[in-house]
Structures are given as structure tokens and as C-alpha cells.
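Peer 1: Structure of the sequence below:
(2 chains)
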Amino acid sequence: NAGVMQNPRHLVRRRGQEARLRCSPMKGHSHVYWYRQLPEEGLKFMVYLQKENIIDESGMPKERFSAEFPKEGPSILRIQQVVRGDSAAYFCASLHWFSSEAFFGQGTRLTVV
Amino acid sequence: DAKTTQPNSMESNEEEPVHLPCNHSTISGTDYIHWYRQLPSQGPEYVIHGLTSNVNNRMASLAIAEDRKSSTLILHRATLRDAAVYYCILRKSSNTGKLIFGQGTTLQVKP
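Peer 2: Prediction:
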């Protein structure tokens, strides 16, 4: 059973472009979290998703950011019109609905130039 | 969300036990105490969790105060690979709800 897979591992975008970050949860996991970590800072919760449903998006910026977890395929975190302040490591985690343990991916490091 | 307080950093010698404290004085009766750690350049990793009773697993032990206002993560024999940021997190249930990470404790392990 492969772990949580995030791709790409590194992503460079110019200001104003779109960034799409993908997260494939572990097999059988129906819940996904997304977190952002700025350099030298802690992890900030962004959004909590179940398949086809957003459970909690209280940490998502109101503009430019969106997330989805479709019935089939990976969860996607989409950032439109990226700015330099979006440069960070983005981590996703997945867990089974009855499990206590969240499994994190290796992260996508986004650099906006 | 109830808040946790941890020391910014701690040091330990290799092969010695490490006690990482966490204060959570505003914990509610339904909050579970979770611990995660993050090694450099990696995603966080689950360590252990508990509600009221002390817990042991292959990685660590969790000692929870009787009033649940504090807890201590115990690494029985620190190795260099245990150098990481350790996060103490309160979560509304054992298996649902978001995980809110604080600043954590940076553990340095000296050979």
C-alpha cells in the first residue's frame, strides 16, 4: 500500500499563473486534509474534504484558492493567479473514516517567481 | 479550538529518555490529545494519541495528567533520527475533525 502521494514535489510558477497540486490518498481513505507551511513556520490548516464534499474550509483564503476531492481521482488544490506570498510547502494528509492516524504526503514545494 | 502550549525547543543526549511536555488547560471532555512529529523536509508523522489513560506504542508513551490539563510525550531512548519538531494537538474526536498544529517543540538530539 503506497503512502500518500503528492505531485509534483516541486512546482515553479510565475506570478499570475495557476498552480494545481495533486494528492492521491492512501487506498481506502475517504478523507483528505490540506495544509500550508511557510518557511520556518508551522503548518496551517486549509481545508478538510471528504469525497465529493467539503467538510471544513475555514482555513482557505477567500479568493484564488479552491479544493476538491472527486469521487474518482486525486484531491486537487488549485491556486489561481499566484503571488509571491503563495510560495510555501503544501502538505496533504489522508485518513480512513474510522482511523485516528492521519498519513501525510511529502509535500509540494511551490515557488512563485 | 482549545489551545496547547509547548516549549519552543529541547535538547537531549542520544540513548537517553526524553520527556516532551504539553499544557492544555482549556481542554474539553471530548478532546483527544494527539502527537505528531515532523522531520526536516518531510511531512508530519503520527506518533501517538490518547484520551484519559496513559498509552504506549512502539514509538513512544503518552502520559496524561489526571485532570487532563497537561500531557507528556516520552521517547524512551532518543536516537539521532528522533530529531524533529513535535506537535501536541487537541482534536474533537479520535478520528474526525481537523488537526490544528501549533509551533511545536524542536527536539535536538546530541550524540
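Peer 1: For chain B, what's the nearest residue on chain A?
Peer 2: residue A:104 (3.3 Å; C-beta to the nearest C-beta). Where you see a C-beta, it was placed from the backbone N, CA and C, and this is true even at glycine.
Peer 1: residues contacting that residue?
Peer 2: Counting by C-beta atoms under 8 Å, 6 or more residues apart in numbering or on different chains, residue A:104 makes contact with A:4, A:91, A:92, A:93, B:43, B:44, B:45.
Peer 1: Roughly how far does the most centrally placed residue in chain A sit from residue A:56?
Peer 2: Central residue of chain A (C-alpha atoms, centre = their mean): residue A:34, 3.9 Å from the mean position. Relative to residue A:56, residue A:34 is positioned 11 Å away (C-beta to C-beta, to the nearest Å).
Peer 1: Also residue A:30?
Peer 2: Distance from residue A:30 to residue A:56, by C-beta to C-beta: 15 Å.
Peer 1: Repeat that for residue B:82.
Peer 2: 32 Å.
Peer 1: For the two, indicate the residue with more neighbours.
Peer 2: The residue with more neighbours, out of residue B:82 and residue A:56, is residue B:82; 19 against 14, by other C-beta atoms under 10 Å in any protein chain shown.
Peer 1: Backbone dihedrals for that one, please?
Peer 2: Dihedral pair for residue B:82: phi -90, psi 0, per degrees, to the nearest 10.
Peer 1: Touching, it and residue B:75? I think so.
Peer 2: Yes: using C-beta atoms under 8 Å, residue B:82 is in contact with residue B:75, at 5.7 Å.
Peer 1: So which residues of chain A form strands?
Peer 2: Secondary structure of chain A (DSSP state E): strands located at A:5-7, A:10-13, A:19-24, A:31-37, A:43-50, A:53-56, A:65-68, A:75-79, A:88-95, A:103-104, A:108-112.
Peer 1: Partner strands of the first one, with direction?
Peer 2: Meaning strand A:5-7. Here strand A:5-7 has these sheet partners by DSSP bridges: strand A:19-24 (antiparallel).
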